[in-house]
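> Here is my input, please return the structure:
(chains A and B)
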Amino acid sequence: MPLLKENETVEINNHPIIDLNNEKPEKMSAIIFQKFIKNKLAVVGAIYLLLIIFAAIFADVLAPHDPNYQQLLKKLAPPGKEYLLGADNLGRDTLSRLLYGARVSLIVGFVSVAGSIFIGTAVGAIAGYYGGKIDAFLMRFVDVMISFPSIFLLIILVTMFEPSISTLIFVFAIFGWTGTSRLVRGEFLTLRSREYVLAAKTIGIPSYKIIFAHILPNAMGPIIVSATLGVGGVILAESALSYLGLGIQPPTPSWGNMLQSAQTLPIMLDSWWYPLFPGIAILLTVLAFNFVGDGLRDAFDPKIK
Amino acid sequence: MENLLTIKNLKTGFPSKKNTTIAVDGLDLHIKAGESIALVGESGCGKSMTSFSIMRLLPPPGEISDGEILFEGRELLKLSENEMCKVRGKEISMIFQEPMTSLNPVLTIGEQIIEVIQYHQGLNRQLAREKSMEMLKLVGFSRVEEILKEYPHRLSGGMRQRVVIAIAMSCNPKLIIADEPTTALDVTIQAQILELMRNIRRKFNTSILLITHDLGVVSELADRVVVMYAGQVVEEANVRDIFRKPLHPYTEGLIHSVPSIRGEINRLYSIPGNVSSSNKIHSGCKFAPRCPKAFSRCFVEKPRLAEVEELHTARCFLYE
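Residues are numbered from 1 along each chain as shown, chains lettered A, B, ... in the order given. Got it, this is the predicted structure:
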């Protein structure tokens, strides 16, 4: 069946050219935000993360107990009136420790990702923009970094230096940037041959400005996405290290070391609430970061409407 | 009158492991202050590479192997990269074919134009902002405050090309290289942009090196025409002489290839063949294989660029 009846015409382009007078300039960020809020999972993730961040910031106000106050008589108390989420093997309030632990986990996550994004972006941008020998050298260096048995080295580094928040951040930043640098390099390889880059060169803009002021903003989308996913990854890695006893040292609570003290079989069988809540906290937070990262990826992708 | 730009025996090529692809093969060109020159030729004849050689922005691995480029008596090929950055934009700027892609999509018009003015003129942000509004007014915008805050995708092609011209003109360069400035625009906008470039030239006495294959644009804007073929100049003359009395068979062919409204309707003329690969070693005139008037000598000897009439040179044995 023909789509149009006889004598019927289709008016092509009946939308008038948008007159600038009528419409306020739409910022890129506004468009991205509108696309982001269409993704329900990402919005849920974002709200959850905002709550967690809020809880971490106001942990001292929100926590019902001192996170390090031990009441040995109440050890492994089940969830109830006094201890909403139960108590741990030393009689400390799990809810309070979770709130303070969120601080540690999020600080480690955000700061080490900030560090690794910074290194990765600088290396990737320079390699991708200049290409040739500089690119080959930097990328082989990245290959070496990736081939390193990083978990092993991580463990050595953490045992060599005292395991503390700053050591952990340093270690994660040093080992986390390679993925970002490859990503940024790839973006720069395509962006550097755009005509606006050539146009910027013809008006005499120096290279460092072209790299950081002209090309980098165009590569921001993938970088933000990779950072978001990276935070989740670091929180997971911190939990794993803490679980091995190489992360944040007790009594400072972190979600990982809370799990560590719950790892004996009797506790896991008889006092399920103790390992359950830190586990859920890690799971939900990492999941939320992944949802938000996916949402941002779609929002930044101009091909997805 | 003193020459603003003099190019002597410029040779540009793209070396590879096996051989070098020659893009510009011994080009001589000069532009006087306030003069408008059109560089005309088919795709691949080396006209864009000539302009990138002047800017020293040849796409890698392209390199200039010989020749000199004098700009106001300074040898551009001997300047350091930093010194060259001060020439680009301030002394010589460039306008590109695609206004859609030559503006950065994530920066506002204001950010892009203010940056150049700040960088080259050392003005503070407020003064640079005022100067950029002045430039935007000059190229025909009325609501300049709003335009500064706009992103390029919100403007039409013609408006973008005006912005590009404003950026190129913002530091009052002495020479503008316009690489097919109107090719991507529709005809009515083309006329506006050409008008604008003419006015700017009159007002600031800026020299223009116009690179185009559109002979209509040439007749609108240029004083003098340089016809290029396979990296060489084949004919050079004032714009009226070129159209009235083309000497070189290639120029003749080019002018012949323009569809005309008047006259009878015939099959549109096209020059047979393509620009030959410049890698092959030619004995003789590079145009000879495609030339309708070629005779035996053309395939053996290389013709020189010779002055046939006053201010009218051609590289052809027909006139020797």
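> hey, where'd the strands end up in the stretch 1-150 of chain A?
With DSSP state E, counting those that start in this stretch as the criterion, the stretch 1-150 of chain A has no strands.
> in it, what spans have low per-residue confidence?
A:1-27, A:74, A:76-77, A:83 (pLDDT under 70).
> show me where chain B has strands.
Using DSSP state E, the strands found in chain B span residues B:3-15, B:20-32, B:36-40, B:63-71, B:74-75, B:92-95, B:175-179, B:207-212, B:224-229, B:232-238, B:306-309, B:312-314.
> Pick the most buried one from those.
Greatest average neighbour count among the strands of chain B goes to strand B:92-95 (a mean of 28), per mean count of other CB atoms under 10 Å in any protein chain shown. To be clear about C-beta, it is placed using only N, CA and C from the backbone, and glycine gets the same treatment.
> just to revisit the earlier point, nearest to chain A, of the strands of chain B?
strand B:92-95 (3.9 Å; CB to the nearest CB).
> residues in chain B within reach of chain A, list them.
B:55, B:57, B:60, B:82, B:84-90, B:93-94, B:96, B:98, B:101-107, B:115-116, B:119-120, B:143, B:146, B:149-151, B:154, B:156, B:164, B:167-168, B:171 (CB under 8 Å from any CB of the partner chain).
> Out of the residues you listed, which sit inside helices?
B:55, B:82, B:84-87, B:115-116, B:119-120, B:146, B:149, B:164, B:167-168 (DSSP state H).
> Now restrict these to buried residues only.
Taking 16 or more other CB atoms under 10 Å in any protein chain shown as the criterion, what is buried in these is B:M55, B:M84, B:C85, B:V87, B:E115, B:V116, B:Y119, B:H120, B:E146, B:V164, B:I167, B:A168.
> Chain neighbours aside, what residue packs nearest to the third one?
What sits nearest to B:C85 in space, not counting adjacent residues and going by CB to CB, 6 or more residues apart in numbering or on different chains, is A:G204, at 4.6 Å.
> Does the one you found fall in a helix, a strand, or a coil region?
Using DSSP: H, G, I helix; E, B strand; the rest coil, the structure places A:G204 in coil.
> hang on, the earlier thing: Throw the buried ones among the ones in helices among the residues of chain B next to chain A into a markdown table and include pLDDT and distance to A:V111, thanks.
Below are these laid out as a markdown table (pLDDT from 0 to 100; distance: CB to CB, whole Å):
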| residue | pLDDT | distance to A:V111 |
| --- | --- | --- |
| B:M55 | 90 | 44 |
| B:M84 | 89 | 41 |
| B:C85 | 87 | 37 |
| B:V87 | 89 | 44 |
| B:E115 | 90 | 32 |
| B:V116 | 89 | 37 |
| B:Y119 | 88 | 34 |
| B:H120 | 88 | 39 |
| B:E146 | 85 | 40 |
| B:V164 | 90 | 42 |
| B:I167 | 90 | 40 |
| B:A168 | 89 | 44 |
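> closest to B:D186 among those residues?
Closest approach between those and B:D186, by CB to CB: B:V164, at 16.4 Å.
> Let me know whether that closest one touches A:T202 as I believe.
No - with contacts counted by CB atoms under 8 Å, B:V164 stays clear of A:T202, the gap being 10.5 Å.
> that older thread, tell me the two of the buried ones among the ones in helices among the residues of chain B next to chain A that are most distant?
Greatest spacing in those, by CB to CB: B:M84 and B:E146 (35.2 Å).
> out of the buried ones among the ones in helices among the residues of chain B next to chain A, who's nearest B:K203?
Nearest member of these to B:K203, counting by CB to CB, is B:A168, at 14.2 Å.
> For the closest one, give me its contacts.
Taking CB atoms under 8 Å, 6 or more residues apart in numbering or on different chains, we find B:A168 in contact with A:I203, B:G89, B:S93, B:M94, B:I95, B:I176.
> Switch those residues over to JSON lines; also include pLDDT and distance to A:A136.
Output for the contacts of B:A168, formatted as JSON lines (pLDDT from 0 to 100; distance: CB to CB, whole Å):
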{"residue": "A:I203", "pLDDT": "88", "distance to A:A136": "30"}
{"residue": "B:G89", "pLDDT": "86", "distance to A:A136": "31"}
{"residue": "B:S93", "pLDDT": "91", "distance to A:A136": "34"}
{"residue": "B:M94", "pLDDT": "90", "distance to A:A136": "31"}
{"residue": "B:I95", "pLDDT": "89", "distance to A:A136": "35"}
{"residue": "B:I176", "pLDDT": "92", "distance to A:A136": "38"}
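> Would you mind checking which of the residues you listed is nearest to A:A122?
A:I203 (24.7 Å).
> Up against chain B, what does the stretch 51-200 of chain A have?
Residues of the stretch 51-200 of chain A lying near chain B (CB under 8 Å from any CB): A:G131, A:G132, A:R194, A:E195, A:Y196, A:L198, A:A199, A:A200.
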